[in-house]
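**Student:** Structure, please.
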Amino acid sequence: MFRLLARRALRHSVKCSQVSCLIYRQKHSAKLVPPIVQFQAKDIIELDTPELNVLDPAAIIPKNIIQIPNINIGDYVEVFSNGQYSGMVIGQKRSSGNLQQLTILLRNGKRYTARSDSVAFIVPSFYTLPEVSQICSERLDLNNIDSQGLLQNVPKEYSRAIYQYQGSLRLNKALAHEKLESLYEHFCQPGSDVISLDNLTSFVFGSADTTSLQRHVTFLHLASDNVHFTPATSKIGSEEWKLRSKEDSGLISQIITSIRTRDKSYSDFLSRAKSLLEFYNAHADPVLGTFSQSALDMVPKYVKLTATDKKFIDFITNWIRSPRVITASPYEVFVPTILKALKYYDNLFFDKPLAIRFLKEIGMFKPWDNVYLLQDGAVAEEFFWTDRAKENDKKMHQYATAFLSGNDKGLKKDDPCDSIRHDFGELPVYTIDDPSAKEIDDGVSIERIPEENAAWLHVHIADPTTYISPTHELSQLIQQKVQTLYLPERHFPMLPEALSSQKFSLGSTAQKNAKGSQYAMSFSTKIDSQGNLLDYKVRPSLVKNINKIYYDDLDEILLKKVTMVHDPLFSSSKTFSHPSDAAFTTNVQKSSKQKSTVSAHYENDLLDIFDLANKHLSARTRNGALFFGQPSPSIGLLEPLDLPRLHFTKPEYVSSLPPLRVSLDKFQFSPARQMVAETMIIGGRVASLFAKENNVNILFRSQNWNPNASPEELSLREELFAARDPETGWVKYQDMVKFVQILPPAFLSTIPDQPHVTMGIENGYTKATSPLRRFTDVLVHWQLKAHLLNEKAPFSKEHLDMMIPELETRGKRLAALQTQSTQFWVVNLLHRMSADSFLHDMEWNCIVSLPSKIAQTELGGVMEVATGTLLDLGIRARIEKLKRNVETGEIIKVGISSIDQLKGRITLEMIE
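**Tutor:** Numbers count the residues shown, from 1 in each chain. Sure, this is the predicted structure:
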């Protein structure tokens, strides 16, 4: 079945069509939050337990937010960057990404430059330590700093002080050798895989009050024993260390010993791996990585790998999977050693991309596998690949199966809102979505008031909290996921698909009560001719007359009556496919032959709903809302694909690639999608207004202009609004790229009545319209229902406040994972097209995102480059070989000069 992943595209349409990430429907807003309650093995409750105290709000313990320390002149640092460097900071200046560029004085008097993200350990105010002061009679003058942040006068004695301090470290490490060597055995206990540096130091030196030098000694041991210890995070503020399991440590030690001694198992592995590489080189398409069927038949006869061979391959895979940490790992030393020992690659860099290439060429990964998911696997550990994800999915499946078969398993059998639920009877409810959508979590209806010449707009939202209480284990499981994760390959639902589609969803696929109705939460409002919300209601409800409408069918009607505003730089008709568009065209033709889902007697309702949505949109525009187009790629695949495998079994070469299509998102060309987006915004506003009026603590979404903006920022803001069409709020993308830098970030808050400036909302907003896909929306429903039932809210303001930092931080990481995955598939398509020489003479329109600048090459040279976005594909890339200086917002012609599928990026070359 054709699966265009329109839902994945819709998530991006917020970014591509409007400034705020709240302008669009938000079904797939990427938000991820850590577990509210951390479970130990003893906390796992059997499925036959009817009611669980899992999500007890009183027990919410937020994860500690890591504050990255500022590194100051006079601090001592341990740097891991192409080796290990230690010394005192004598210069620092800010650089991009909230980093610092550091100049470090070494013990030999030389200087070394490094970025702050290469610093693994800090001794604050090292220059003030007594042992340093004894050697250096002349104090550092921290005010004598040049324009580059470099200390102007550094007495020579400080190099000697560094030398002697390092001698003290070695001496104390030697004295504590026995205790240091026993660290792993002492702390390697079940359930104790992460230990703080303070606890480790206290054990070594037998005191809770440890000194800076003792902590430093312990750190150096941990950094050197990377077989047993690894930093728990790449952030230097954490100071937590993870203990590898004894099984993992033993396997790593075994592999390292084999490599160092070049034993028979290692040499035989190299021989067999090289035979596979030679087979690949002889029979595979050099670009696509595919084989003829006759070549595939030869694979089992060509080489047979042993169990030991697979351990070496898994060792290489683990390097790719290992998250970035500052200190060195055994993989970074010994995987390049393996690759070099093959004597097959003549690469200058033996790095992770080369390891990925090796694993693809021996058949570990398929040619289309997005291996970079492995490197960011920790972001999605609640969804796939981990034992916890498998166990939780198993539990969710068991709950769903039992509940759908009549066994409630602790889920609510009786509706707690039965006495207050409003029955909408036969009022038509329209769920507007794509044909492939199964989780229908919203619908809209209109209720006219003839005597007032007005109408109520009702936004009906699926109501899973009818069945799921905050104290049920299923709540714990979904809050660990926090949202449905959409990747081009497949989507990973927050709730069990069976429950979402058969129990909670609005529409024909879901179960109904005895009266033929379905449960919903309805957010209703009366809108005047100026788009103002005159009145509003929030009610648990019953809906019955549900009608499924497809976006494209509704677009056919609306496009005859409206003129769409969209950016002229983008086209919805351009598509790029491989191996051809035929498979996708066949599915479209089948779809086009079906009868329209918009019956004649639905049209008046839908047109009136569209009119109300437009009135509200106009009101937001008058309040300063900003809209702009941005090219965002949508990935089309015919069928869901498996993710890369983690462990090697046998070579899995292929004869063909899955059909792939890339186009731009449809949102700015689709009035139906924009109508639904606007009604969801209305629903969010109603929820926010109700919470404010009734003092209900929920998570609001806010956005304010920077009150401390510099004169330059204020000037840019004035230019932005001067470029904005006052009638439509539209800013051309060619203008908008100049102003993106000054747009304020949206943020979560428990403070009501806050503005969201780029949405044109002045009195508060929240997200409450996707409880099948976002845990935060479920939270809002729980809080609102508690008030409606005159019950105590499950979550206090303080608890919600504690959740916000992790919600926002993890949300950005998950959004980055989805964006990176989309970019990977666009690059994959271009890589395929290059095999057929499609790209050789193609010219592309490119908008300059960042102007000309001098950049460093991988070999240490310099070149003039710029950054641009391909308007037909929506991906950013570096532009080289500039013919002249280019400025932000300029449209230039470029060609694609190189494609690095392994790194997921392309390089452009200016044509004119």
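
**Student:** so where's this protein uncertain?
**Tutor:** Segments of the chain classed as low confidence (criterion: pLDDT under 70) are 1-68, 96-98, 191-192, 234-238, 409-410, 514, 586-593, 856-860.

**Student:** Could you chop it up by domain?
**Tutor:** Residue ranges for the structural domains of the chain, counted by automatic domain parsing, are given in the record as 6-62+384-649+673-704+744-818, 76-243, 246-380, 841-910.

**Student:** Deepest-packed of the ones you listed, please.
**Tutor:** Between the domains of the chain, the one whose residues have the most neighbours on average, counting mean count of other Cβ atoms under 10 Å, is domain 6-62+384-649+673-704+744-818 (a mean of 19). C-betas here are computed from N, CA, C, even on glycine.

**Student:** Between the two ends of stretch 323-331, how far is it?
**Tutor:** Length of stretch 323-331, first residue to last, Cα to Cα, to the nearest Å: 11 Å.

**Student:** quick one: contacts for residue 906?
**Tutor:** Contacts for residue 906 (Cβ atoms under 8 Å, 6 or more residues apart in numbering) come out as 827, 830, 875, 877, 896, 898, 899, 900.

**Student:** Could you confirm it falls within a strand?
**Tutor:** Yes: under DSSP: H, G, I helix; E, B strand; the rest coil, residue 906 falls within a strand.

**Student:** With adjacent residues omitted, what lies nearest to residue 605?
**Tutor:** With Cβ to Cβ, 6 or more residues apart in numbering as the measure, residue 446 is the residue that lies nearest to residue 605, at 5.4 Å, once sequence neighbours are left out.

**Student:** Checking that neighbour next. Helix, strand or coil?
**Tutor:** When the rule is three-state DSSP, residue 446 gets the label strand.

**Student:** Surely it is in contact with residue 454?
**Tutor:** No: with contacts defined as Cβ atoms under 8 Å, residue 446 does not count as touching residue 454, sitting 10.7 Å away.

**Student:** all strands for the stretch 301-450 of the chain, in order.
**Tutor:** With strands called from DSSP state E, counting those that start in this stretch, the stretch 301-450 of the chain shows them at 422-423, 429-433, 442-449.

**Student:** coming back round to it: can the domains of the chain go into a markdown table with extra columns for distance to residue 734?
**Tutor:** As requested, the domains of the chain are arranged in a markdown table below (distance: least, Cβ to Cβ, whole Å):
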| stretch | distance to residue 734 |
| --- | --- |
| domain 6-62+384-649+673-704+744-818 | 7 |
| domain 76-243 | 24 |
| domain 246-380 | 31 |
| domain 841-910 | 5 |
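
**Student:** Residue 896 - that's part of a strand, no?
**Tutor:** Yes: Residue 896 sits within a strand when classified using three-state DSSP.

**Student:** hang on, it packs against residue 842?
**Tutor:** Yes: shown here, residue 896 and residue 842 form a contact pair, counting by Cβ under 8 Å, at 7.2 Å.

**Student:** Now the common contact residues for those two.
**Tutor:** Shared contacts of residue 896 and residue 842, defined by Cβ under 8 Å, 6+ apart, are not found at any residue.

**Student:** about what we covered before: which residues touch the residue nearest to residue 605?
**Tutor:** For residue 446, the contacting residues are 455, 456, 457, 458, 605, 608, 609, 612, taking Cβ under 8 Å, 6+ apart as the criterion.

**Student:** Now do the first one against residue 666, distance only.
**Tutor:** It stands for residue 455. Relative to residue 666, residue 455 is positioned 28 Å away (Cβ to Cβ, to the nearest Å).

**Student:** gap between residue 126 and residue 109?
**Tutor:** 16 Å.

**Student:** now do residue 185
**Tutor:** With Cβ to Cβ as the criterion, residue 185 and residue 109 are 41 Å apart.

**Student:** one step back: any chance of the contacts of residue 446 in TSV with secondary structure and distance to residue 539 as columns?
**Tutor:** Shown next, in TSV, are these (DSSP: H, G, I helix; E, B strand; the rest coil; distance: Cβ to Cβ, whole Å):
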residue	secondary structure	distance to residue 539
455	strand	17
456	strand	12
457	strand	14
458	strand	9
605	helix	20
608	helix	21
609	helix	19
612	helix	19
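
**Student:** Out of those, which is nearest to residue 397?
**Tutor:** The shortest approach to residue 397 among those belongs to residue 458, at 33.8 Å (Cβ to Cβ).

**Student:** need the contact list for that closest one.
**Tutor:** Residues 424, 427, 429, 444, 445, 446, 447, 522, 523, 524 are the ones in contact with residue 458 under the rule Cβ under 8 Å, 6+ apart.

**Student:** Would you agree the third one is in contact with residue 542?
**Tutor:** The one in question is residue 429. No: Residue 429 is beyond contact range of residue 542, at 10.6 Å (criterion: Cβ under 8 Å).
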